[in-house]
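Chemist: Sequence below, structure please.
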Amino acid sequence: MQAFRHCGLCVSRSFFQSRTDFLHSEANMAAIRRAAACLNFLRGASTSFCSNRSVRQLRRSTGTSRNQTAAFSVGTGLCALPFAQAENLSHESLIRRASCLVTDSANTYLSQTTLALVDALTLYTKALHTLIALQKRYLDSIGKLTPAEEDSIWQVLIGQRVEVSDRLDECKRFESNWMNAVNICELSAEAAYSSGAEHASMALKTSLQVAQSKVEDMKKIQLAAEKSLAETKADEIQRMAEYASSIKLQDLEDVPEAYLRED
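Modeler: Residues are numbered from 1 along each chain as shown. Sure, this is the predicted structure:
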């Protein structure tokens, strides 16, 4: 700065002199050279200052552009994320959803009716076996019981037969509900398959097959118990006939010979 002030003073002084004296004076020539050197120095300093400032601005702008680029990249990344789109609520999709709900309800109805029918068949079979055991016990004790004991056993047999009849009516009632559930499941499975819900249709058909298999197994046990009861009744009829004939023979043997003679 001092050199700049000194050069400016020298230049200002030289302009107050005449042009001829100024050119021929060695002092003035030296002043011109110093002024030129000062101008070159100032030009270099200003150029360096401007270049440094330009570099800083460039760095600053570069950093800003990088931040903007990063923000833009983050934004574009968020925009590129595959957000879940809502399912198209067309008539086909709504019908498919409704058919799936129907299959679920039909499966629940089938499960409840199957459980009720299986339990009813189980209780009915147990009642049959109890009746069979009582009848066999009675047949084994024919002719060995007093009238009071025989009457007591007959009361138990009658009560057990009433229970068997009630259990059979319960089985018929639950079987009617179960058949309705089977029909509903078949229709629901067909509706689900036609609407495009093949998975729900196949699942319901599988549940239907399992339910039918369980009921068939219990009915086989029931039929076996009923067959055993029928055999026991046939044996009872035969034993009672034999017992009645034996009583008649005994009565005939007890009649006095005088009453058997002809007059």
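
Chemist: Give me the number of neighbouring residues for residue 231.
Modeler: As a burial measure, residue 231 scores 11 neighbours (other C-beta atoms under 10 Å). C-beta here means a position set from N, CA and C on the backbone, and glycine is covered the same way.

Chemist: Name the SS class of residue 95, please.
Modeler: Here residue 95 is recorded as helix under DSSP: H, G, I helix; E, B strand; the rest coil.

Chemist: can you pull the contacts of it?
Modeler: residue 195 (C-beta atoms under 8 Å, 6 or more residues apart in numbering).

Chemist: what helix or strand is residue 186 on?
Modeler: helix 147-195 (DSSP states H and E).

Chemist: immediately after that helix, which helix or strand?
Modeler: helix 198-254.

Chemist: so for that following helix, what's the average pLDDT?
Modeler: Average pLDDT, helix 198-254: 85.

Chemist: tell me the pLDDT at the nearest residue to residue 188 once chain neighbours are set aside?
Modeler: Spatial nearest neighbour of residue 188, chain neighbours left out: residue 106 (4.2 Å); criterion: C-beta to C-beta, 6 or more residues apart in numbering. pLDDT for residue 106: 95.

Chemist: which residues touch residue 106?
Modeler: So residue 106 contacts 181, 184, 185, 188, 204 (C-beta under 8 Å, 6+ apart).

Chemist: so the last one touches residue 108, yeah?
Modeler: No - the pair residue 204 / residue 108 is not scored as a contact, 10.8 Å apart, by C-beta atoms under 8 Å.

Chemist: Looking at the two now, which is surrounded by more residues?
Modeler: Higher neighbour count among residue 204 and residue 108: residue 204, with 26 against 12, using other C-beta under 10 Å.
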